[in-house]
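**Q** sequence first, predicted coordinates after that:
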Amino acid sequence: MTARIDHLVTVGTFSLDGGTWDLDNNVWIIGDDTECVVIDAAHDADAILAAVGDRRLLAVLCTHAHNDHIGAAAGVRAATDAPVWLHPDDTMLWQMVYPTDAPDAAANRPSAPLADGQRIAVAGIELEVLHTPGHSPGSVCLYAPALGTVFTGDTLFHGGPGATGRSFSDFPTIIDSITNKLLTLPADTVVRTGHGQNTSIGDEAPQRAEWIARGH
């Protein structure tokens, strides 16, 4: 069967540095009628499980560990036994959501690390892990050349880089990540983001100098 991309939007909050904000998150499901992976289990485990349906869930892949992107990961894993994969540089953010002193801490640790260059097979295609720190130290993007798309989490949006004004983030680092890991992809690559609308590498690349001038 041919791999496809399913999309749903879940609603919740993002909390960091003492503040909380309402927001919508994109959840991406890549697979066929038999198996799939979830990119970012955001807010609503029941909605994600309904979208997965009776397919075998191979993994939950976390683009980073801000609470709005991982809040439903434990619920999805409990229902499916699917492993949860996270870049280890975001462990401290994960532990803000799933504390090490909680009774269920052992069950709620990430199952396996994501690493730059790693390839994850699903439904006859591969997702390549691109480590893109900046929004957070362990941020990753997932590139699917067979589908002509890259899933960028909060690293790159329509109109520019992800936010870098909070703890564990850094603007020069995210610019380096986007420049060296994303803007080198084919111009027609569709960028599917963690929030908001899609864009493309070709649409975003010409704006790099403007981002740098803005400094955020």
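**A** Thanks, I have the structure now.
**Q** for residue 12, give its distance to residue 71.
**A** 6 Å (C-beta to C-beta, to the nearest Å). (Glycine included, C-beta is placed from N, CA and C.)
**Q** tell me where this structure has strands.
**A** Counting by DSSP state E, the chain has strands at residues 4-16, 19-31, 35-39, 56-61, 84-86, 112-113, 119-122, 125-131, 140-144, 149-153, 156-157, 160-161, 190-193, 199-200.
**Q** got those as CSV, with distance to residue 206 columns?
**A** Below are these laid out as CSV (distance: least, C-beta to C-beta, whole Å):
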stretch, distance to residue 206
strand 4-16, 26
strand 19-31, 24
strand 35-39, 27
strand 56-61, 29
strand 84-86, 33
strand 112-113, 35
strand 119-122, 30
strand 125-131, 21
strand 140-144, 20
strand 149-153, 17
strand 156-157, 14
strand 160-161, 12
strand 190-193, 14
strand 199-200, 11
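**Q** among these, which comes closest to residue 180?
**A** Among those, strand 125-131 comes nearest to residue 180, with 9.4 Å by C-beta to C-beta.
**Q** measure how far that closest one is from the centre of its chain, please.
**A** 12 Å (C-alpha atoms, centre = their mean, to the nearest Å).
**Q** report all helices and strands that it contacts.
**A** In terms of contacts (3 or more C-beta pairs under 8 Å, 6 or more residues apart in numbering; DSSP states H and E), strand 125-131 is packed against strand 119-122, strand 140-144.
**Q** okay, those, which one's buried deepest?
**A** strand 140-144 (a mean of 26; mean count of other C-beta atoms under 10 Å).
**Q** what's the average pLDDT for that strand?
**A** Taken as a whole, strand 140-144 has an average pLDDT of 99.
**Q** can I get that strand in CSV, CA atoms only?
**A** Taking C-alpha atoms only, strand 140-144 is exported to CSV below (Å, rounded to 0.1, in the frame of the first residue of the first chain):
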residue,chain,number,x,y,z
VAL,A,140,14.5,17.3,15.4
CYS,A,141,12.8,17.4,12.0
LEU,A,142,11.7,14.3,10.1
TYR,A,143,12.4,14.3,6.3
ALA,A,144,10.4,12.0,4.1
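**Q** what's the end-to-end length of stretch 163-173?
**A** Stretch 163-173 has an end-to-end distance of 12 Å (C-alpha to C-alpha, to the nearest Å).
**Q** ok, which of the strands of the chain comes nearest residue 181?
**A** strand 125-131 (4.6 Å).
**Q** return the set of buried residues in the closest one.
**A** Neighbour-count burial for strand 125-131, counted by 16 or more other C-beta atoms under 10 Å, picks out 125, 127, 128, 129, 130, 131.
**Q** got the angle for that strand vs strand 35-39?
**A** Counting by axes from the mean of the first three to the mean of the last three C-alpha atoms, to 10 degrees, strand 125-131 points 20 degrees away from the direction of strand 35-39.
**Q** neighbouring strands of strand 125-131 in the sheet, and parallel or not?
**A** Sheet pairing of strand 125-131 (DSSP bridges) gives strand 119-122 (antiparallel), strand 140-144 (antiparallel).
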